[in-house]
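Q: sequence plus predicted model, see below.
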Amino acid sequence: MTQKLYIRTFGCQMNEYDSDRMADVLAASDGLALTDRPEDADVILFNTCSVREKAQERVFHDLGRVRELKAARPDLIIGVGGCVASQEGAAIVRRAPYVDVVFGPQTLHRLPQLIRDRRATGVSQVDIRFPEIEKFDHLPPPRVDGASAFVSIMEGCSKYCTFCVVPFTRGEEFSRPFEDVLTEVADLADQGVREITLLGQNVNAYRGALPGGGDAADFARLIETVAEISGVERIRYTTSHPKEMSARLIAVYGRVPKLVSHLHLPVQSGSDRVLAAMKRGYTALEYRSIVRRLRAVRPDLSLTSDFIVGFPGETDADFGQTMKLIEDIGFDGAFSFAYSARPGTPAAEFADPVPAATQQARLVRLQSLVDGQYRALSEAMTGTRQRVLVTGRAVKDARELAARTDNNRVVNFAGDAARIGSYVDVTIASALPHSLRGELLPSDSPVVA
């Protein structure tokens, strides 16, 4: 009888990628098949994220919900991976002794051995080391599900922003060798993948080793080379850092049409004083200059960002500068959060905290402004023709199709399921609060991916 694997994923696209690879590893080693019901599982994994407030408590809450399953079935394996695992390590087992394995983002490839050791010894296994490139050398080929795929090209971050735990939970920046990335992309393209999303905590800091040594390949060169791979029609990437938005990378937007007209470029604040306290390494003026140069070579570029509201010491004037930056640049969406201290980060010790009520009021104002800009840009797309990748059935109406535009908007429209995985042309008929309504052009025929 086939054993079952249940994974619950929290956090970013890197975590989604890691969860897919956990499933790949355990399918290859032990034939585990995914299930969406934890009560049916033989192995339950929580892939955690420590970016948001009280992340550890949410993990233990979820662990508490499966404790009864473990009591009823002692052979059930319960594991905790991801950034909370890196941060807490063996403390997870001390607090929840029924947890069998604790592993970090860089040791997920060791899951089969960790599980075997747990079963053989009866002792919970903890492995949260940072063995760098080893993970990628031991992962099986990724399984393809649809016409789009993530490819992790680097991990970790060396920026050490004062609010961020990533350098401590995922380690310093390290890049996969150039040819390894290209081989994975080519394999995916051969299997029908047409849209590639390059992933990294600080993805545009990529410096991949070249065969034979010499200078490493930068991110601009990687994009240019991926664009030459037969079958690849669109290239996305996330998440980028303004400090790594080089002149070469900006120039790529002017000469590589396969690179989509959407960029997520976190700014966090529009105040130079706050940016310096965050240790971001750029000023608001420098961020504006990056955007100006990008839009000079790609005028239709859709820009999204991250904002932290209520960072320690943020004044009304500081927040006003952030609002002015948003008004001037025009964002197509944002992930915005009220600041919450992450244990072990420098900012957790900063004085002059902003009251929660002030944080929340500022957050509501900021998100309202960004939402208005999003709606205006959606309205501006009405009546335009868009080339979209059909990703599956629409969420709210399974009789319809969902697709994604070049600038990363969801479009729902009536169409045949045979078009899933294809690029089609639609006319944007109307703009809804969180999506677009489209009409399939009658002259179009599916381009099978």
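A: Happy to help now that I have it. Keep in mind that what you see is a predicted model, and the values were worked out from it rather than measured.
Q: okay, CA-based contacts and neighbour counts for the rest of this
A: OK.
Q: can you point out the buried residues in the helix of greatest length in the chain?
A: If you go by DSSP state H, the chain has its longest helix at helix 356-381. Counting neighbours by 16 or more other Cα atoms under 10 Å, one finds that the buried residues in helix 356-381 are 359-360, 362-363, 366-367, 369-375, 377-379, 381.
Q: ok, which stretches of the stretch 151-300 of the chain are helices?
A: Under the criterion DSSP state H, counting those that start in this stretch, helices of the stretch 151-300 of the chain are mapped to 166-169, 178-190, 219-227, 247-255, 272-278, 284-297.
Q: pLDDT below threshold where in the stretch 1-150 of the chain?
A: 51-56, 131-138 (pLDDT under 70).
Q: please enumerate the helices of it.
A: All helices of the stretch 1-150 of the chain, identified by DSSP H, counting those that start in this stretch, fall at 13-30, 55-72, 83-88, 90-95, 111-121, 134-137.
Q: likewise for the stretch 301-449 of the chain?
A: 316-329, 356-381.
Q: mind putting these in CSV, distance to residue 272 included?
A: Putting those into CSV (distance: least, Cα to Cα, whole Å) gives the following:
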stretch, distance to residue 272
helix 316-329, 8
helix 356-381, 18
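Q: so which of those is nearest residue 125?
A: Of all the helices of the stretch 301-449 of the chain, helix 356-381 sits nearest to residue 125, with 39.2 Å by Cα to Cα.
Q: got the angle for the closest one vs helix 316-329?
A: Taking axes from the mean of the first three to the mean of the last three Cα atoms, to 10 degrees, one finds helix 356-381 and helix 316-329 inclined to each other by 10 degrees.
Q: which strands or helices does helix 356-381 pack on?
A: If you count contacts as 3 or more Cα pairs under 8 Å, 6 or more residues apart in numbering; DSSP states H and E, helix 356-381 packs onto strand 302-309, helix 316-329, strand 334-338, strand 423-431.
Q: again, only this time at 10 Å
A: The contact analysis (3 or more Cα pairs under 10 Å, 6 or more residues apart in numbering; DSSP states H and E) places helix 356-381 against strand 302-309, helix 316-329, strand 334-338, strand 423-431, strand 436-440.
Q: show me what the third one is packed against.
A: In this structure, strand 334-338 makes packing contacts with strand 302-309, helix 356-381, judged by 3+ Cα pairs under 10 Å, 6+ apart.
Q: could you rerun that using 6 Å?
A: Applying 3 or more Cα pairs under 6 Å, 6 or more residues apart in numbering; DSSP states H and E, one finds that strand 334-338 contacts strand 302-309.
Q: I'd like the distance from stretch 351-368 to the chain centre, please.
A: Between the centre of stretch 351-368 and the centre of its chain there are 25 Å (Cα atoms, centre = their mean, to the nearest Å).
Q: and the helices of the stretch 151-300 of the chain, which is most packed in?
A: Highest mean neighbour count among those (mean count of other Cα atoms under 10 Å): helix 166-169, with a mean of 21.
Q: neighbouring contacts of it?
A: The contact list for helix 166-169, computed with Cα atoms under 6 Å, 6 or more residues apart in numbering, reads 83, 86, 87, 156, 157.
Q: repeat that for stretch 140-158.
A: 167, 170-176, 193-201, 421.
Q: and that stretch, what's buried?
A: Using 16+ other Cα under 10 Å as the test for burial, stretch 140-158 gives 140, 142, 146-157.
Q: among the helices of the stretch 151-300 of the chain, which is nearest residue 16?
A: helix 166-169 (15.9 Å).
Q: now do the closest one, average pLDDT.
A: On average, the pLDDT along helix 166-169 is 84.
Q: hey, C-alpha coordinates of it in PDB?
A: Coordinates of each C-alpha in helix 166-169 appear next as PDB, following Å, rounded to 0.1, in the frame of the first residue of the first chain:
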ATOM      1  CA  VAL A 166      17.000  35.200   6.600                       C
ATOM      2  CA  PRO A 167      20.800  35.300   6.900                       C
ATOM      3  CA  PHE A 168      20.400  33.400  10.200                       C
ATOM      4  CA  THR A 169      17.900  30.800   9.000                       C
END
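Q: isn't residue 311 up against residue 337?
A: No - judged on Cα atoms under 6 Å, residue 311 makes no contact with residue 337 at a distance of 9.9 Å.
Q: looking at these two, which has the bigger crowd around it?
A: Per other Cα atoms under 10 Å, whichever of residue 311 and residue 337 has more neighbours is residue 311, with 27 against 21.
Q: contacting residues around the more buried one?
A: residue 339.
Q: quick one, phi/psi of the closest residue to residue 11 other than its chain neighbours?
A: Leaving aside its chain neighbours, residue 11 sits nearest to residue 49 (5.1 Å; criterion: Cα to Cα, 6 or more residues apart in numbering). Note on residue 49: backbone dihedrals following degrees, to the nearest 10 are phi -130, psi 140.
Q: OK, contacts around residue 49?
A: 10, 11, 83, 84.
Q: how close does the third one sit to residue 217?
A: Just to be clear, that refers to residue 83. Separation of residue 83 from residue 217 (Cα to Cα, to the nearest Å): 28 Å.
Q: which one's more surrounded, the two?
A: Of the pair residue 83 and residue 217, residue 83 is the one with more neighbours under other Cα under 10 Å, namely 28 against 17.
Q: tell me, how many residues neighbour the closest residue to residue 414 other than its chain neighbours?
A: The shortest distance from residue 414 to any non-neighbouring residue, by Cα to Cα, 6+ apart, is to residue 400 (4.8 Å). Close neighbours of residue 400, defined as other Cα under 10 Å, add up to 16.
Q: residue 439 too?
A: 17.
Q: surely it meets residue 426?
A: Yes - contact criterion Cα under 6 Å: residue 439 and residue 426 qualify, at 5.3 Å.
Q: ok, of the helices of the stretch 151-300 of the chain, where does mean pLDDT dip lowest?
A: helix 166-169 (a mean of 84).
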